[in-house]
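Peer 1: all I have is the shape, not the residue letters:
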C-alpha cells in the first residue's frame, strides 16, 4: 500500500551484519521513513525481472539512499568479474544523483591506504593483485566502492559534490550516524513541508536577518 | 524474606514489571527489551494488577518455551534468565534481566525503554541520546573480534559440553539442532561480523593465555592468617570452565575437613570448612566480572587457614558500593557473553541473585557472611570458614540492637522513626542513630533510599 512516508533505501552486504541491520531498521522506521532493506524483506521485488534489475528499479524509486560499505563485498554477482549488487546500487544512486549518505568500514579505508603506500593507487593497479578473502576483508573491489562513493573519478577536489564518506568501526557508530543525520533531515523536511502550505511563514523563515 | 517476595512486595517500578500471564510473548519481549535498555530489572509473571499472586500452571514448561520464543525476537543476542520461583506455595515465572551492554536492543522493529512504571517505545531523540552515550563508551573487550583467532584454536569439546549442558539444564536450545560451530558461536554472540570474539577465546580457547596472558588466575596458600609466607602457589590458564575447576580444586586441596564429636554418637561428623556453593559462586563472579581488558589486572585467590580471599580487577557499576551487593539489585554484568557461558554450564544458578544466595547459604550452614570490599583497583571477596574466630565476627551488641535483630527478618526494613519508637524510646535520638550505624558497620543492616525515604534493610 503506498504511503506518504519518504522512502529510504539501505544498501549493504548482509551476512554477518544481521544484528546491525535489524537495529538500523528499527531506528530509521521510528524516524518516519519507509525503509527498503533486503535483509528485512522490505525491498520491492518484481518477479518478472532479475534481482539486480529489481534493485536498480528500487534505487530509481527511492527518495534517499544510504550505502554501508562493509568489509564484505556482498552477493548477487555473476562470477568473480561482475560487480556485486550493492556496488551497482551505489553506482546507480550516483548516476541518478540521489540524495545519499555513505558509510565505510575502517578496514576498507585502511586497506586502501596500505595499498596506495605500496604503489597500488588505482583500481587498474589493484587488478594485478589476487586477494585470498577473509572475513576481515574479502574483496579488493570494496576499495573501488569507497573511491566511487568519494567521487575519485572527478579529478579536481573543488568539483566533487556528494562525496562525503563517513568512516566507522563499530555498529554503534553506524547507528549514531544514521539517527543523527536522518533525524535532522526529517525535522528539516517536515518544517519545509509545513511551511510550503503557509507561504508567509516560509518567507519569514528565510528572510535575511538584516531585512526588516 | 526471599528475593521474589521482596520484589513483589515492592510493587511495580522502573526496574520491576508485573504481568498476569505469559500469553502475549511479543508484549513480554517489549518489557525485556525495555529493561535491557534501561539498566536491568525483573519481570514477574503470575501477579495481578493488585500485586496478588495468581498461581501459574505448567509454569516450568512455559518458562522453557518462553525463553526460546524471546530469543527469536530480541536483537542483538541478549543474556537474561527465565525461570520459576515459589512464593508461599504459589508459583510465579521470573525473568531476571541484567542491564544490557549492546544498546539499543530492539524487538518488533522498535526500541523500548522503561519510563517509571511504564514500558514505552523510545522516541527518535531518546534513541539518539542512548546511542550518543553508547558510542562514547569503548567497545567492551570481550565483544571485540580477535583477528588471530581461528576455529582450530578452540577446544571443540568445550563448545559441545556447553551445548549439552544448556540443553540438559533446559536453559536454551542453542541454535536448534545445528552442530556447526560457527552457527553455535553466532547464537552465543561470539561469532560476529564473520570473526570470533575475545569472549570465544576466553570461554573456548585451547590456549587463550598465548594471545591474552592476562586471563591467567594466580592462587596462593598461606600458612598463617596474616599471610606472611605461602606454602604453595599456582597459575591457571585455559578455557574459563577449566580455570574455575582448577581454582576450586586448589582451595579445597589446601582446606582441611573439620571433625565434630557428639556426646550421643560414637562416630565423628566430618564437616567441610566452606559451603561449596559460596566458594564456587565467589570464583564464578570473579571470572564473570573481572576486567579482561587490563593486562595488569586479573584474579588472585588467596587461601588462609581461616578464610579465602578472591580479588579481581573488575569494578562495580557506577554509583554502586559493596553494600549494594547485599541487597536485591539488578544484575549489571561486566562481561555478559562470558557470564552467559558460565550460566549455561550450570556454574551460575540464576542471574543477579548470586550474592544474596551466598549470604543465605552461609546463614543456613552456620558460617559467617561473606564480605565484599571494592575500591579503584578491584573487588575483594572474603569467604570465612568454620575456623574463623567467633569473637572476631561478633560485635558486642546492646540489648536494643539484639532485640531489633531478633525481630527483623533478613529482607525486612525499618525506618529510623520506627526503631526509635519500637526499640529505643528511652535513649536519645543520637544514641538510636549510633545503634543503627553500628549495625550497618557490622554488616547486619544496609541503609537504602534518600534523605526522606531512608530505611535500614536487614541483610544478615
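Peer 2: On my side now, so go ahead. Bear in mind the structure is a predicted one, so any value in this text is a computation, not a measurement. Numbers count the residues shown, from 1 in each chain, chains lettered A, B, ... in the order given.

Peer 1: helices or strands next to the helix or strand that contains residue B:33 in the packing?
Peer 2: In the assignment (DSSP states H and E), residue B:33 maps to helix B:25-37. For helix B:25-37, the packing partners by 3 or more CB pairs under 8 Å, 6 or more residues apart in numbering or on different chains; DSSP states H and E come out as strand B:16-19, strand B:40-45, helix B:59-73, strand B:90-98, strand B:106-107, strand B:110-115, strand B:118-121. C-betas here are computed from N, CA, C, even on glycine.

Peer 1: again, only using 7 Å
Peer 2: strand B:40-45, helix B:59-73, strand B:90-98, strand B:106-107, strand B:110-115, strand B:118-121 (3 or more CB pairs under 7 Å, 6 or more residues apart in numbering or on different chains; DSSP states H and E).

Peer 1: quick one, which of these is packed in tightest?
Peer 2: Greatest average neighbour count among the helices and strands packed on helix B:25-37 goes to strand B:106-107 (a mean of 26), per mean count of other CB atoms under 10 Å in any protein chain shown.

Peer 1: and that one, what does it pack onto?
Peer 2: Using 3+ CB pairs under 7 Å, 6+ apart: strand B:106-107 touches helix A:18-30, helix B:25-37.

Peer 1: can you list the ones you listed in CSV and add distance to residue A:194 and mean pLDDT?
Peer 2: CSV is the format used below for the helices and strands packed on strand B:106-107 (distance: least, CB to CB, whole Å; pLDDT from 0 to 100):
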stretch, distance to residue A:194, mean pLDDT
helix A:18-30, 20, 94
helix B:25-37, 32, 96
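
Peer 1: need the ones you listed in JSON lines (columns: mean neighbour count and distance to residue A:132).
Peer 2: Below are those laid out as JSON lines (neighbours: other CB atoms under 10 Å in any protein chain shown; distance: least, CB to CB, whole Å):
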{"stretch": "helix A:18-30", "mean neighbour count": "22", "distance to residue A:132": "25"}
{"stretch": "helix B:25-37", "mean neighbour count": "22", "distance to residue A:132": "39"}
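
Peer 1: re earlier: what's the helix holding residue B:33 in contact with?
Peer 2: B:15, B:17, B:19, B:22, B:41, B:43, B:66, B:69-70, B:73-74, B:78, B:80, B:95, B:97, B:100, B:103-108, B:111-114, B:119, B:130 (CB atoms under 7 Å, 6 or more residues apart in numbering or on different chains).

Peer 1: contacting residues around residue B:388?
Peer 2: Going by CB under 7 Å, 6+ apart, residue B:388 touches B:306, B:307, B:368.

Peer 1: and those residues, which is closest to chain A?
Peer 2: The closest of those to chain A turns out to be residue B:307 (CB to the nearest CB; 42.5 Å).

Peer 1: phi, psi of the residue nearest to the closest one when sequence neighbours are not counted?
Peer 2: Of all residues not flanking residue B:307 in the chain, residue B:384 sits nearest, at 4.9 Å (CB to CB, 6 or more residues apart in numbering or on different chains). Main-chain torsions, residue B:384, degrees, to the nearest 10: phi -90, psi 150.

Peer 1: what of residue B:309?
Peer 2: phi -110, psi 130.

Peer 1: try residue B:195
Peer 2: phi -130, psi 160.

Peer 1: next one: the one 5 residues further on
Peer 2: The main-chain torsion angles of residue B:200 are listed as degrees, to the nearest 10 and equal phi -60, psi -40.

Peer 1: distance of residue B:404 from chain A?
Peer 2: Distance, residue B:404 to chain A, by CB to the nearest CB, to the nearest Å: 49 Å.

Peer 1: same check, this time on residue B:416
Peer 2: Distance check for residue B:416 against chain A: by CB to the nearest CB, it reads 45 Å.

Peer 1: same question, residue B:134
Peer 2: 5 Å.

Peer 1: ok, back up a step: ok, and the most crowded of the contacts of residue B:388?
Peer 2: For those, neighbours were counted using other CB atoms under 10 Å in any protein chain shown, and residue B:368 has the most, 23 neighbours in all.

Peer 1: re earlier: would TSV of the helices and strands packed on strand B:106-107 with distance to residue B:84 be doable?
Peer 2: Converted to TSV, those look like this (distance: least, CB to CB, whole Å):
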stretch	distance to residue B:84
helix A:18-30	30
helix B:25-37	15
